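Peer 1: Dropping the sequence and predicted coords here.
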Amino acid sequence: MIELPPRDENGQVVPHDHPDISNDDEVVRRISQEHHLVKDKDGKLRISSMAYKASSGRNGGISIDLKQLIEQDGLDPREYVTTPRWMGSVLFKVADLRTLEFKVGYDPLESPEPNPYHGEVWGNFSRSQVRKLQNLAVWFVDIPDVNLT
């Protein structure tokens, strides 16, 4: 069981470093062909830096899934995070994210697509930090013929 996240007066999750998310935990970043894949100068597909940049959404973080929560509910995390829209995913160790001074929080989604395992990574998404995230990412559900960087 995980403690509910802090919320502001409008009910939105406040960026936070969640105490129930351990440094030993892992988080999954889903990869979309539409938004996250680009061709490099050799014509090969790779994951774009956009996959590691903050969204323009409500709190400016990157969406992740909390792997341990998915497993605690007896689900296969690889199956849970893979859909036609989200064809691949990369994995991060929470300790590595925190070493880069990112906050890793719980942010369950209710709509339009409910996701009780959703979280966010918040922090400074400078060009340097994005490069470090790219270097930390490892395939979780790989996409054939796509390079990580």
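Peer 2: Yep, that arrived.
Peer 1: now the strands: where do they sit in the protein?
Peer 2: All strands of the chain, identified by DSSP state E, fall at 26-32, 37-39, 45-47, 62-66, 86-93, 103-106, 118-122, 138-141, 146-147.
Peer 1: Of all those strands, which one is nearest Ile2?
Peer 2: Smallest distance to Ile2 across those (C-beta to C-beta): 5.7 Å, for strand 103-106. C-beta: built from backbone N, CA, C; applies to glycine.
Peer 1: thinking again about what came up before, looking at the strands of the chain, which one has the lowest mean pLDDT?
Peer 2: Ranked by mean pLDDT, those bottom out at strand 146-147, with a mean of 88.
Peer 1: Quick one: residues in contact with it.
Peer 2: Leu37, Asp40, Lys44, Leu45, Arg46, Ile47, Gly88 (C-beta atoms under 8 Å, 6 or more residues apart in numbering).
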